[in-house]
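Q: My questions concern the predicted model and sequence given below.
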Amino acid sequence: MSQDCVFCKIVRGELPAAKVFEDNEVLAFMDINPVMKGHTLVIPKAHHDPITKTPPKMLRKLITLVQRIARAQVAALQADGINVSQANGVTAGQIVPHIHFHVIPRFASNEPHRNWTPATYDSPEEMNDYAERIKQALT
Ligand code: AMP
Ligand code: ZN
């Protein structure tokens, strides 16, 4: 638990939240500033951050709940698509430093949305070089 962390405060009941699901380890609740109505956040109750330091066992629990929320958004809101987003670090756009997955319903009536711009590599060799560097660092 982190004293000042907004999501830890929600877990402790010190801040309100519209909860969708909770058990001993994980919690899903409404994002107060939804990208689309129904936008849900999935978090661990224990304070973990970022993804590189979160135990794999917890990540499995989180992604399983992400899937359940996505299925419920399709069933309850008739979502035509779902975006799952997860930011690590200020550089990546993260605001709350407590690991969370955004589960965002998307609708055919809206513009297709993906908040990144595809670019290109200078050459196939450059792409292979990036692949090799990541491959060599896998643990
Ligand atoms: P991120 O930029 O990935 O760190 O996203 C943090 C998200 O938390 C934003 O989408 C905020 O709208 C949301 N948020 C911040 N404070 C609260 C809160 N008290 N209750 C619900 N959602 C929150
Ligand atoms: Zn926290």
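A: Received the coordinates, thanks. Ligands and ions are numbered 1, 2, ... in the order given.

Q: does stretch 93-105 come close to ligand 1?
A: Yes: residues of stretch 93-105 are located near ligand 1 by CB under 6 Å from any ligand atom, namely 93-96. For every residue, glycine as well, the C-beta is placed using N, CA and C.

Q: In a markdown table, list the residues you listed along with neighbour count, secondary structure and pLDDT.
A: Converted to a markdown table, those look like this (neighbours: other CB atoms under 10 Å; DSSP: H, G, I helix; E, B strand; the rest coil; pLDDT from 0 to 100):
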| residue | neighbour count | secondary structure | pLDDT |
| --- | --- | --- | --- |
| 93 | 10 | coil | 94 |
| 94 | 16 | coil | 97 |
| 95 | 8 | coil | 97 |
| 96 | 15 | coil | 98 |
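
Q: show me what contacts the closest residue to residue 50 other than its chain neighbours?
A: Closest residue to residue 50 apart from its sequence neighbours, by CB to CB, 6 or more residues apart in numbering: residue 88 at 3.7 Å. The contact partners of residue 88, taken as CB atoms under 8 Å, 6 or more residues apart in numbering, are 49-52, 94, 99.
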